[in-house]
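Student: My questions are about this predicted structure, shown below with the sequence.
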Amino acid sequence: MVPMENYLILSAIVFSLGVYGVLARRNAVLVLMSVELMLNAVSLNFIAFATYLDPDRILGAIFAVFVITVAAAEVGLALAIVIRLFRSRSTSNVDEAAILKW
Amino acid sequence: MLHEYGHIGILLIIALLFPMGALVTSWAFRYVGVRPFASQDPVKTDIYECGVRTEGPTQVQFNFRFYYVALLFVLFDVEIIFLFPWALVFDDLGWAAYGKGLLFIATFIVGGIYAWRKRALEWR
Amino acid sequence: MSDLDIVGPQLAVLVAAAAVLLVDALIPQHRRIVPFVALAGLALSAAWTLSWVARDDYQTAFEGTLSLDKFSVFFYFLFAGITATVVLASIDWVNRAGRGQGEYYALVLTSCAGLMFLSASRDLITIYVALELSSIPQYILAGWGKDNRSSEAGLKYLLLGAVASSILLYGMALLYGLTGTTMLDGIADAIAADGESHRSLLVLASVLLIAGFGFKMAVVPFQMWVPDVYQGAPTPVAAYLSVGSKAAAFAVVLRIFFEALGEGFLSDDWSTVFAVLAAVSMTVGNVMAVVQTDIKRMLGYSSIAQAGNFMVGLAAISVSGEEFTLGASSVLVFLAAYAFTNLGAFIAVIAISQRIGSDQIKDYAGMWKRSPVLALALAFCLVSLTGIPPTAGFWAKMYIFNAGIRADLAWLVIIGVLNSVISGYYYLSVARQMFLGDAEGADRVRVSPSIGLSLGVATLGVLVFGILPTPLISAAKDAAEIFSRQ
């Protein structure tokens, strides 16, 4: 059986890639995808913990299901806002959405 | 530990062998002079031998209205995640869980009525 | 059924949200009644909470994930009041915007239900879902305005909020991995059993949790979204964000840190983190607020500084024995006083900007001559934000600084008092503009009945609790009892 540490290391790597993407990407859609990466890394963590540590193997899995659902809602909403911004400004770059100072 | 990954390694080798085999074979045939017949048939030179002919570039802007359809699909798709475990343990939990499940579905019905009355389901 | 009875207050709000949507979609000709349906739902929710107080039978629901106790009851009343005031203050603005009337109130109500769930949850999964239930409507509301600014505010709030919640989730995952449960009391037991051996990982998890909730509480260094979103979002929404989500974030932080991570060796670590964050937030917020010219941006920075004040209460836990809950109860007092005061200030800003069409502080000059009542109300709320008697803000600051001193945090209290002086400068300079400046237009500024009512309620609250703080303080003490250690 694969030891738990491997899952945790994988999840940490994916999470860091997500953080890098959020910081480095300028396109709002790509930033969103990076956030998804972070959320998936966390889900992986939950499932690994549930499988190895939790005798019932259930709480972590439930948590992962909720994370997936909420992520779907968040992406649906974010795309709506991006589309709206795109229609009025014809760009989806976060940089150019800068009437308000960051 | 390492031999657990061995299965994946074998799979990887097979996955690499297949395309490489095809490439090497065709290169070897050309090297020894075996070539396909030169064909004048325009169908033969098409990208796809069958199916609908491609038209225009692939990087087009999608119609905005697809967004509504996609969003509604995602919503009702994700709903199933929660109904599935509910259905699995339905017998053990009894009527109280049935009522709470109906409450959950009722919220979706409210959303459905709203989307329908706001004409989000129409192509306009 | 008793589970559903326990979450009745939230259920009433959610049913009202559904009713609002259906009224808007099915009988559009009667759209005008929508805000009153929303208010009725909030009143029903408050009545339901009151019935639980009368029954005096506090219990938990849904396998202990939601708890009805004096703490959550305190917040149910607070959130119902905040939301009702915001609904009243929005009527004019939403009517003028002319679209999406049903959706606006439905989103406000859904978010309110999320806040209520958040204050009652005792389980990490429930906390996460409630947090998102309250946040996602807020993202939409922040992008509600017609102009680009508003969409931009919505996008920024959403992207940063999503990053913050994934960091929060990482902390929760660590906590779950270390303790094997998501229930707060289970976590506390596991940490008491063999927490010492995982001390560094537990500290890492707490830091991640503080980062995630710090975003919602709007403390430095997780504050960068605040001024942008407050300026870009419609003003009623900014008012809602500034009090609602902040109060809920503090409620859940109190629950997690006092209940699950309250173990002595751990609380020493995180209370230091809170103390440092409090000092930095107060200073950065106040210094940045001084240079602002837009009143909504100024209120945004001032809310960062106020979050620093709240955190003094979070840091003040090293008092042992009977006074262990002093810090928690002082946070509750401050939250309630701040809710009234900040709502009052924002509603006055709504009323004034609707007429003069500007958020610039210099355009507020001579407001005293154009509308004495509005100018007085705004000035009174600003005085309360500074913390000068006879206002609710004064008692709140007194109480929280008292908790700080009892917990040997004199250095923090000194920083807090110095910051109050800085904040007095910019709050009172707005008042000076209004009373001593020359009016540009001579026309009177009129107020609609709904805004007048909500402003009256908020200002009256500030005044009443300023003169008679005892009921508020004893309610907060009762609510904080759940954290007491016996």
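Tutor: All right, it came through fine.

Student: and stretch C:222-236, is it in reach of chain A?
Tutor: Yes - shown here: stretch C:222-236 in contact with chain A (CB under 8 Å from any CB of the partner chain) through C:224, C:227-228, C:231-232. The C-beta positions use only the backbone N, C-alpha and C, and glycine is treated the same way.

Student: tell me how far stretch C:33-41 is from the chain's mean position?
Tutor: From the chain centre to the centre of stretch C:33-41 is a distance of 22 Å (CA atoms, centre = their mean, to the nearest Å).

Student: State the mean pLDDT of that stretch.
Tutor: The pLDDT scores in stretch C:33-41 average 93.

Student: Equivalent analysis for stretch C:126-135, please.
Tutor: 94.

Student: what about that stretch, near chain A?
Tutor: Yes - under the criterion of CB under 8 Å from any CB, chain A is reached by stretch C:126-135 at C:128-129, C:132.

Student: circling back to that earlier point, out of the residues of stretch C:222-236 next to chain A, which is most surrounded?
Tutor: C:G232 (27 neighbours; other CB atoms under 10 Å in any protein chain shown).

Student: what's the closest non-adjacent residue to it?
Tutor: C:A153 (2.9 Å; CB to CB, 6 or more residues apart in numbering or on different chains).

Student: pretty sure the one you found is in contact with C:D228, am I right?
Tutor: Yes - C:A153 lies in contact with C:D228 (CB atoms under 8 Å); the separation is 6.0 Å.

Student: what's the pLDDT at the residue in chain B that chain C sits nearest to?
Tutor: Closest residue of chain B to chain C, CB to the nearest CB: B:R117 (3.7 Å). Looking at B:R117, its pLDDT is 87.

Student: cool, C:Q486 as well?
Tutor: 48.

Student: One more: C:V7?
Tutor: For C:V7, pLDDT reads 89.

Student: what residues are up against it?
Tutor: C:61-62, C:66, C:117, C:120 (CB atoms under 8 Å, 6 or more residues apart in numbering or on different chains).

Student: could you redo the last one with a cut-off of 7 Å?
Tutor: C:61, C:66 (CB atoms under 7 Å, 6 or more residues apart in numbering or on different chains).

Student: Leaving out sequence neighbours, find the closest residue to residue 65.
Tutor: Since you didn't name a chain, this refers to chain A. Going by CB to CB, 6+ apart, A:V65 has B:I81 as its nearest residue, at 5.7 Å.

Student: oops, I was thinking of chain C
Tutor: Leaving aside its chain neighbours, C:T65 sits nearest to C:D123 (3.9 Å; criterion: CB to CB, 6+ apart).

Student: Ok, A:T69 next?
Tutor: B:V78 is the one closest to A:T69 (CB to CB, 6+ apart), at 5.2 Å.

Student: now what about the strand or helix carrying that neighbour, what contacts it?
Tutor: When elements are assigned from DSSP states H and E, B:V78 belongs to helix B:66-88. Identification of contacts with helix B:66-88 by CB under 7 Å, 6+ apart yields A:65, A:68-69, A:72, A:76, A:79, A:83, B:97, B:101, B:104, B:108, B:115, B:120.

Student: quick one: which two of those residues are the most distant?
Tutor: Farthest-apart pair in the contacts of helix B:66-88 is A:I83 and B:A97; separation 38.9 Å (CB to CB).

Student: got CSV for the residues of stretch C:126-135 next to chain A, with distance to C:Y427 too?
Tutor: Output for the residues of stretch C:126-135 next to chain A, formatted as CSV (distance: CB to CB, whole Å):
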residue, distance to C:Y427
C:Y128, 36
C:V129, 38
C:E132, 34
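
Student: Which ChimeraX command selects the buried ones in these?
Tutor: Selection of the buried residues among the residues of stretch C:126-135 next to chain A in ChimeraX, burial being defined by 16 or more other CB atoms under 10 Å in any protein chain shown:
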select /C:128,129,132
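
Student: Among the residues of stretch C:126-135 next to chain A, which lie within helices?
Tutor: C:128-129, C:132 (DSSP state H).

Student: will you turn those into a markdown table that also has distance to chain B?
Tutor: Formatted as a markdown table, those follow (distance: CB to the nearest CB, whole Å):
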| residue | distance to chain B |
| --- | --- |
| C:Y128 | 15 |
| C:V129 | 11 |
| C:E132 | 13 |
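
Student: Now do the same contact list for C:A403.
Tutor: Counted by CB under 7 Å, 6+ apart, C:A403 has contacts C:313, C:316, C:326-327, C:330.

Student: tell me the mean pLDDT for the helix or strand containing C:S200?
Tutor: Assigned by DSSP H and E, C:S200 falls within helix C:199-217. Taken as a whole, helix C:199-217 carries a mean pLDDT of 91.

Student: re earlier: of the contacts of helix B:66-88, which is the nearest to C:W395?
Tutor: Nearest to C:W395 among the contacts of helix B:66-88, with distances taken as CB to CB, is A:T69, at 43.0 Å.

Student: That closest one: neighbouring residues, count only.
Tutor: With other CB under 10 Å as criterion, A:T69 counts 17.

Student: Just give me the neighbour total for C:M172.
Tutor: With other CB under 10 Å as criterion, C:M172 counts 26.

Student: That one touches C:L124, doesn't it?
Tutor: Yes - shown here, C:M172 and C:L124 form a contact pair, counting by CB atoms under 7 Å, at 4.8 Å.

Student: So, low pLDDT: which residues of the chain?
Tutor: You didn't say which chain, so I picked chain A. A:90-102 (pLDDT under 70).

Student: wrong one, I was asking about chain C
Tutor: Short version for chain C, where the test is pLDDT under 70: C:1, C:318-323, C:440-442, C:485-486.
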